[in-house]
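> no FASTA, just this:
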């Protein structure tokens, strides 16, 4: 179990992050903190204008911020047009996440015909099954199971207790969090006089490069063809992706969202939390779906889409929700009122 | 790790599937494919009329289809009134899923007083606890934990990283996908002046025959009596079934649905994805619930039920969602308008 | 694998539960059952007035009930003003849940520099990583992984196949059910011209005393500061808690609810199942949210809040849901009707 350590001189940090430094190049920082909580030796950032007033009083040794705010900052400044992105880069320099030791832990079980690239780290009680092929520097956490004939590219990380069924194919630099299940059977059954007859799920799961999959997310294998996750897709926790779904490059999906079978999601979509998307739909590129939307039709055009109702106090809500059941009747009454009113107007004295 | 292999002569295939063959009985097929992607040596099927036009051009060696379509098909035909069901049967003939080797892997841990039937396969790092009894041909995947005194019938499959708490009872031919948790504590607490006091969950979980449970689905043990899943129930991924729920025979539930405590679901229901069902309800047999419905009352009659609103562009939706809060007021205004209009009509010149 | 056993004389039981006994003190009970199913030697309780009529006919040997009902009860009575709470206490006396044997199972793997308090029970295939510190009497189920430098207080239970990432800190008497993942990365990414750049999640997770976490629930680590779960919080199954969420003392959350990043939930809230709460909100103390509500704004005051629509037969629902899209138009039409009606009234003969 090794942990990265490190303190950075601001001069070196500015060079590594490719930003301009205003302040003492010899100052050192060794960790990240928020503007409000940072102390000496800590680096902070300002990305959200809400916190601008904290610049004057922060005790951080240095702050990542936009050029226009340098004069307001009590600390040294790392100046950039995109402070949030530079914070993202800087965060990795201070990441002390422990990793499994290099090599195969004696308590792991690796099938004799599995092939591991150089630099792999396989933790205790991991299982790598027959014919699996791992690239270089793949990290396999404790209790993680990699099924037979899986192919996993260089620099992937599978945290603890991840499960890959057989034949899953993954590109490079992907991350899978604990409890993730890739390649379970799609939910396919034929009904024979009231009995469900299982359809063997013969397809696989194909995942691109730079994909991030959150804890307890599930991605089922395809019925005949593969379920496909494009390059650079990011998936939060507890997402369900059914068989034969395809997700386009660069799409981001927040937690608890479910996508039913054979639906195709476009590229660079942003799907908020707890959205439900029905099966066999086509969602265009660059579609945004707001939180908890229910999507039951294809969306052929980029844009933002929603469903649901806004929150109210429960007493108010009950009255309105009861009226929802009368909506069609209400609409017809309005039409009738309009008609009757027109009739009255036509006979009114001087209307 | 053994894998089924196989190529089928159409004559043998037709006999095994009990369908009529039109075409050369000596032709061989070795895998399944869709009509559009199939090539020589592959079997396909037509169940969805949308794809009918592909029959003329498919390169498949044989197609499972309905009698009325035989003449349109460029390939040999396996003729049946229910192509989807016959495809379901055929799919298992071409399933090459690797299975754990027969016997108990040296890296598994099986309690000395656990009893395993003939033909069981227990993978590396599986744990089978004290007093557990497994029938014949049970498959236990890597990392799977079977708690003390569980009873599991013949021909069940527990994939990798499944968890059974103690005392779970399961019938024959059931499948449990990775991440499934059966028999965790129901969510039962008594409140004592602001503090939650846990109620020990003393019941169990009883699961019938031919039940299929998808990845990361959870079924809690009962508080006093058992939680019960009937024969032939199929559950998709990420479903939550609370304590003392009972689900009737042959009911199918899609992913991300949650059922609160003590609710009883009838037989042969079909519950779509991400439905929420409150506790202590009774749902009749043959009820269908559409995607993302919220069910807060018992449903005494078969039929289809729904809740929620349809999707709109977010800008439009915002305007309408704001009006939802005024629905009761709108309904009252309509009533008032109707009354006033009647008054006017009674005094109008010649209405 | 040891299991508690036991039969209780009613005299001892009444004393232990600190309630009054009406009946033969020498009568023995050895398990709990419902009023309807109990037989001789069983203890039951009446907390829900719906079942009052069963008091006269129950075959239980003793019943926990309120003073006003003693005369209606066919069995011995354990009399208390809060039968549900006393039932909760009694349930633990009859809990026969098997526990791992004391000590470290030879098939577990514990890092040499991990520190375990007295009375710990570590099951087969559990992994406890470098620098982890466990208090007294901690139970670690099979397949459970405790990451490096975690700190876990006395009397905690981690059931099978739980995952703690590194550095998670937990108080005393907490329970974590199978499939729980604590400390996975928060969903933090910066977008660089269409590519998502991961933000290292440097914060931790801090959990108080007496916290209960249901199966397959996920709690992410913070981006910079910690995600915080207060004392006495109870969480059901399949809940998603994003990075930097804070949940106040004594709050209860039912299954399938999701809470987005940086939201703060107050104390003693009760949040029903499948609720979705957006990020960066503040929810006051003692707020109740009904099932499946979508919460997109802060709630500054205690009270009950809801969203969504009530269930209807699908045919009716379709008509009403279509009208939802016209709600704003309907509201405008009503305004217009009101205006026109006023105009007519002003010219009507004798209105």
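Cool, got the structure. Just so we're clear, the structure is a prediction, and the values are computed from it rather than from any experiment. Residues are numbered from 1 along each chain as shown, chains lettered A, B, ... in the order given.
> Enumerate the residues of the stretch 1-150 of chain A near chain C.
In this structure, the stretch 1-150 of chain A approaches chain C at residues A:1, A:3, A:31-34, A:37, A:82, A:84-85, A:87-89, A:91-92, A:94-98, A:105, A:107, A:123-125, A:141-143, judged by Cβ under 8 Å from any Cβ of the partner chain. Quick note: C-beta positions are derived from backbone N, CA and C, even for glycine.
> Name the SS class of the nearest residue to residue A:34 once chain neighbours are set aside, please.
Nearest residue to residue A:34 in three dimensions, chain neighbours excluded: residue C:224, at 5.7 Å (Cβ to Cβ, 6 or more residues apart in numbering or on different chains). Three-state secondary structure (criterion: DSSP: H, G, I helix; E, B strand; the rest coil) places residue C:224 in coil.
> can you pull the contacts of residue C:224?
Contact analysis of residue C:224 by Cβ atoms under 8 Å, 6 or more residues apart in numbering or on different chains lists A:32-34, C:202-203.
> among these, which are in strands?
Secondary-structure check on the contacts of residue C:224 using DSSP state E: residues within strands are residue A:32.
> farthest pair in the contacts of residue C:224?
Greatest spatial distance in the contacts of residue C:224: A:34 and C:202, 11.1 Å, computed using Cβ to Cβ.
> In terms of neighbours, single out the busier of those two.
Comparing residue A:34 with residue C:202 by other Cβ atoms under 10 Å in any protein chain shown, the one with more neighbours is residue C:202, at 22 against 17.
> Test my guess that the more buried one contacts residue A:93.
No: Residue C:202 is beyond contact range of residue A:93, at 10.5 Å (criterion: Cβ atoms under 8 Å).
> Touching, residue A:33 and residue A:60? I think so.
Yes: the pair residue A:33 / residue A:60 is scored as a contact, 6.6 Å apart, by Cβ under 8 Å.
> joint contacts of these two?
Common neighbours of residue A:33 and residue A:60 (criterion: Cβ under 8 Å, 6+ apart): A:39, A:42-44.
> And the residue nearest to residue A:34, how close does it get to residue C:186?
Taking Cβ to Cβ, to the nearest Å as the measure, residue C:224 falls 10 Å from residue C:186.
> list residues touching both of those two?
Contact criterion Cβ under 8 Å, 6+ apart; residues bridging residue C:224 and residue C:186 by contacting each: residue C:203.
> In terms of neighbours, single out the busier of residue A:33 and residue A:60.
Between residue A:33 and residue A:60, counting by other Cβ under 10 Å, residue A:60 is the more crowded of the two (27 against 22).
> Might you list the low-confidence residue ranges for the stretch 201-350 of chain A?
Applying pLDDT under 70 to the stretch 201-350 of chain A flags residues A:350.
> cool, the stretch 51-200 of chain A as well?
For the stretch 51-200 of chain A, no stretch is flagged by pLDDT under 70.
> what about the helices in it?
Using DSSP state H, counting those that start in this stretch, the helices of the stretch 51-200 of chain A run over A:83-93.
> and the spatially most central residue of chain A, what does it touch?
Among the residues of chain A, the one closest to the centroid is residue A:235, at 2.8 Å (Cα atoms, centre = their mean). When contacts are counted by Cβ under 8 Å, 6+ apart, residue A:235 touches A:211-214, A:217, A:229, A:241, A:253.
> ok, which pair from the residues you listed is furthest apart?
Farthest pair in those (Cβ to Cβ) is A:212 and A:241. Separation: 13.7 Å.
> More neighbours: these two, which one.
residue A:241 (30 against 22).
> Spatially nearest residue to the more buried one (excluding sequence neighbours)?
Per Cβ to Cβ, 6+ apart, closest to residue A:241 is residue A:219, 4.5 Å.
> now swap in residue A:88 and tell me
If you skip the residues right next to it in sequence, residue A:88 has residue C:190 as its closest partner in space, 3.9 Å away by Cβ to Cβ, 6+ apart.
> Longest helix of chain A, counting residues only.
The longest helix of chain A (DSSP state H) is helix A:327-347.
> Can you list the helices and strands that that one packs against?
Here helix A:327-347 is seen to pack against helix B:327-347, helix C:314-324, helix C:327-347 when contacts are counted using 3 or more Cβ pairs under 8 Å, 6 or more residues apart in numbering or on different chains; DSSP states H and E.
> buried residues in the second one?
Neighbour-count burial for helix C:314-324 flags C:314, C:317-318, C:320-321, C:323-324 (criterion: 16 or more other Cβ atoms under 10 Å in any protein chain shown).
> chain center to it, what's the gap?
The chain centroid and the centroid of helix C:314-324 are separated by 35 Å under Cα atoms, centre = their mean, to the nearest Å.
> picking up where we left off before, what about the residue nearest to residue A:88, how many neighbours?
Residues lying near residue C:190 (other Cβ under 10 Å) number 19.
> so it makes contact with residue C:200?
No: with contacts counted by Cβ under 8 Å, residue C:190 stays clear of residue C:200, the gap being 11.4 Å.
> mind listing what residue A:6 touches?
Contacts for residue A:6 were tallied using Cβ under 8 Å, 6+ apart; they are A:30, A:93-94.
> correction: residue A:340
Contact analysis of residue A:340 by Cβ under 8 Å, 6+ apart lists B:341, B:345.
> What of residue A:307?
The neighbourhood of residue A:307, defined by Cβ under 8 Å, 6+ apart, consists of A:292-295, B:308-312, B:317.
> about what we covered before: which residues touch the residue nearest to residue A:88?
Taking Cβ under 8 Å, 6+ apart, we find residue C:190 in contact with A:82, A:84-85, A:87-88, C:196-197, C:199.
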